[in-house]
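Q: okay, predicted coordinates and the sequence, questions at the end:
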Amino acid sequence: IRSTTAPELIQHLEVDEAQDWLANYEGNPSYDRAIQTFARSVMEDTPELGADWIMRMANEGQRSRTFHRILLPWLRSDRDGLVEYARNNPIPKSVLQRLNSALSEG
């Protein structure tokens with residue numbers, strides 16, 4: 001019998017259940033992949049929620065890489081929402097630089 005990994009488990013939980021479960025492991029780098037999976041799963045409907053969870057990842061490098069992956073799709077789908085989020089929430093410096101660059105390019 002194969003055991004279920006945390007990222008696989010997250011895919012089977014409702015949003016509220018997943019958040020409750022992940023909250024128990026926040027700050028534990030072993031669960032960053034589960035947080036990443038959850039964040040990606042909610043990005044289409046609630047990108048702010050996904051971004052909030054990305055910022056809870058323990059590993060700074062993984063946090064930045066994950067945020068970079070969601071940046072352009074979010075920019076295309078909800079430019080104003082992303083700009084508002086970036087103004088009011090902490091995001092990795094490299095992500096902010098990339099966002100500013102993308103905005104200036106039009």
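A: Sure, I can see it. None of the values given here were measured: they were computed from a predicted structure.

Q: alpha carbons only for contacts and neighbour counts from here, please
A: Fine.

Q: give me the contact list for the lowest-mean-pLDDT helix or strand in the chain.
A: Least confident helix or strand, the chain: helix 6-10 with a mean of 87, by mean pLDDT, DSSP states H and E. For helix 6-10, contacts defined as C-alpha atoms under 8 Å, 6 or more residues apart in numbering pick out 18, 31, 33-35, 37-38.

Q: residue ranges with poor pLDDT in the protein?
A: For the chain, the stretches with pLDDT under 70 are 1-4.

Q: quick check: longest helix of it.
A: Under DSSP state H, the helix in the chain containing the largest number of residues is helix 60-77.

Q: list the buried residues in the next helix or strand after that helix.
A: Note on helix 60-77: by DSSP states H and E, the next helix or strand toward the C-terminus is helix 79-88. Buried residues in helix 79-88, counting neighbours by 16 or more other C-alpha atoms under 10 Å, are found at 82-83, 85-86.

Q: would you turn those residues into JSON lines with distance to Met43?
A: Shown next, in JSON lines, are those (distance: C-alpha to C-alpha, whole Å):
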{"residue": "Leu82", "distance to Met43": "11"}
{"residue": "Val83", "distance to Met43": "15"}
{"residue": "Tyr85", "distance to Met43": "13"}
{"residue": "Ala86", "distance to Met43": "15"}
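
Q: for His12, see how far away the closest residue to Asn28 other than its chain neighbours is.
A: Once flanking residues are discounted, Asn28 sits nearest to Ala58: 6.0 Å by C-alpha to C-alpha, 6 or more residues apart in numbering. Look at Ala58 and His12: by C-alpha to C-alpha, to the nearest Å, they are 23 Å apart.

Q: what's the angle from the one helix or strand Ser101 maps to to helix 60-77?
A: Using DSSP H and E, Ser101 falls within helix 93-105. Here the directions of helix 93-105 and helix 60-77 differ by 20 degrees (axes from the mean of the first three to the mean of the last three C-alpha atoms, to 10 degrees).
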